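Novice: Need a 3D model of the following:
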Amino acid sequence: MEAAVTENIIEEQHVTTADSIRAYYQLTKPGITQMVVVTAAAGYYLSIRDVAYFTSIQNLFHFVIAMLGTALISSGACTLNMYLERYDDGLMKRTKNRPIPSGIISPVHALIFGVITSVLGALFLGYINMLTLGLALVTHLSYIALYTPLKKKTWFAMVLGGIPGALPAMGGWTAGLNSVDAGAWIIFLIMFIWQMPHFLALAIMYRKDYEQGGFVLLGNQENGSTISAKHLLIYVLVLIPVGLSLTYFGITGYLYLLGSLLLSGYLLYSAIILIQSTTVVNARKTLLASYAYLMGLFIFMFVDKL
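Specialist: The predicted structure follows:
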C-alpha cells in the first residue's frame with residue numbers, strides 16, 4: 001500500500017514563487033496555528049492585571065515575541081506532522097491535495113522547513129522564560145512523537161492529543177507570569193476538554209475518510225457515530241463548569257460568567273440534537289457551536305477585563 005501511495009508523492013513540481021509561498025504556508029496548518037496563537041494570547045491576557053499592561057512598549061514587545069515564538073514552534077510541529085503523515089494524507093480525499101502528497105513541496109524540503117521553524121520558535125520562547133520554553137517543547141514533542149503515531153493504533157490518541165492542544169494556553173499564562181497557578185490550570189483544562197467534543201464532531205463528519213486513512217476511531221463502523229455523540233455530550237457537560245470556574249476563582253468577573261452560561265447553553269443544545277440524530281449536518285452544527293463557544297469565551301474574557 002505504501003509503495004502505491006509513494007507513487008502519488010512525486011518530485012517537487014516547478015511552481016511559481018507565489019504558489020511555493022502559499023504551499024509552505026499550508027504546511028503550517030494555518031487554522032491550527034492560528035488557534036494555538038489565539039489560545040496562548042488568551043492565557044497571556046488572563047495572567048495580566050489589566051489592559052494598561054500593554055501601554056508599556058517593553059510589555060507589548062514581550063507579548064509580541066511570545067506570540068511569534070508560539071506561532072513558529074506550532075508551525076514547525078504542524079509541518080513535521082504533515083511530513084510524517086504524507087502517505088496517509090495521500091489516501092484521504094480531504095488531504096490528498098496538501099503540499100507534500102500533491103508534489104508541490106518535496107518531503108525533504110518540508111522536513112527542513114519544519115525543523116527550522118521549530119528551532120526559531122524555541123529561541124524566541126527561550127527569550128521569554130525557561131518555563132514557557134519547556135511547555136512549548138513538551139507540546140511539540142508530544143504532538144509529533146506521541147499523538148501522531150498513536151492515531152493509527154488507538155482512539156485514545158484523541159485524548160492524548162488534547163495535551164499538546166491545551167498546553168499553549170498554559171504557555172501563554174506562563175509567558176505573562178512565569179508561574180503555574182490556578183488560572184493556568186483552568187485555562188489548560190478548558191482547552192483540553194473543549195478539544196474532545198470538537199474532535200468527536202469531526203470524527204462523525206469524516207468517519208469514512210479517517211478510516212480509509214487508517215486512523216482508529218471511537219467505536220466500530222456500525223455504532224461509531226452514536227458512541228462518539230454520547231461521549232461528546234459527556235465532555236460538554238464536564239466543560240461547562242470548568243469554563244465557569246474562572247469566575248469562581250476570581251480570574252474573571254460576572255460579565256464573563258453570564259456570557260459563559262449563554263455559550264454553554266448553545267453548545268449543550270447542539271450536543272443533545274446530535275445525540276438524537278447523528279447526521280453529518282448535525283455534527284457540523286455541533287462543530288460550529290464548539291468554535292462559537294471557545295471564541296465567545298475569549299471575547300468575554302477580553303471585554304470582562306476592560
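Novice: Do I have it right that L46 meets F302?
Specialist: No - using CB atoms under 8 Å, L46 is not in contact with F302, being 9.5 Å away. C-beta here means a position set from N, CA and C on the backbone, and glycine is covered the same way.
Novice: Which residue of the two possesses the greater neighbour count?
Specialist: Between L46 and F302, L46 has the larger neighbour count (other CB atoms under 10 Å), namely 24 against 15.
Novice: buried sites along the strand or helix carrying the more buried one?
Specialist: According to DSSP states H and E, L46 maps onto helix 30-47. Under the neighbour-count criterion of 16 or more other CB atoms under 10 Å, helix 30-47 has 32-33, 35-47 buried.
Novice: In stretch 147-166, which of the residues would be classed as buried?
Specialist: For stretch 147-166, by 16+ other CB under 10 Å, it's 147-148, 150-151, 155, 157-166.
Novice: all helices of the stretch 101-250 of the chain, in order?
Specialist: 107-128, 130-141, 148-150, 157-177, 182-205, 207-212, 224-248 (DSSP state H, counting those that start in this stretch).
Novice: State the mean pLDDT of stretch 213-232.
Specialist: The pLDDT scores in stretch 213-232 average 78.
Novice: what does stretch 38-57 give?
Specialist: On average, stretch 38-57 scores 93.
Novice: What's the end-to-end length of it?
Specialist: Start and end residues of stretch 38-57 are separated by 21 Å (CA to CA, to the nearest Å).
Novice: can you list the residues that contact it?
Specialist: With CB atoms under 8 Å, 6 or more residues apart in numbering as the test, stretch 38-57 has contacts from 59-60, 63, 66-67, 70, 166, 168-177, 183-184, 187, 191, 246, 251-252, 298, 301-302, 305-306.
Novice: centre of the chain versus that stretch, how much separation?
Specialist: For stretch 38-57, the separation from the chain centroid amounts to 20 Å (computed by CA atoms, centre = their mean, to the nearest Å).
Novice: ok, now stretch 174-189?
Specialist: In this view, stretch 174-189 has its centroid 18 Å away from the chain centroid, taken as CA atoms, centre = their mean.
Novice: same deal with stretch 191-205?
Specialist: For stretch 191-205, the distance to the chain centre is 10 Å (CA atoms, centre = their mean).
Novice: hmm, which two among the buried residues of stretch 147-166 are most spread apart?
Specialist: W155 and A166 (18.5 Å; CB to CB).
Novice: Any regions of the stretch 151-300 of the chain where pLDDT drops low?
Specialist: 218-222 (pLDDT under 70).
Novice: pLDDT at the closest residue in space to T79 that isn't next to it in sequence, what is it?
Specialist: Nearest residue to T79, sequence neighbours excluded (CB to CB, 6 or more residues apart in numbering): G114, at 3.5 Å. Note on G114: pLDDT of 97.
Novice: Run a quick check on G114 versus S74, I expect a contact.
Specialist: No - G114 is beyond contact range of S74, at 11.1 Å (criterion: CB under 8 Å).
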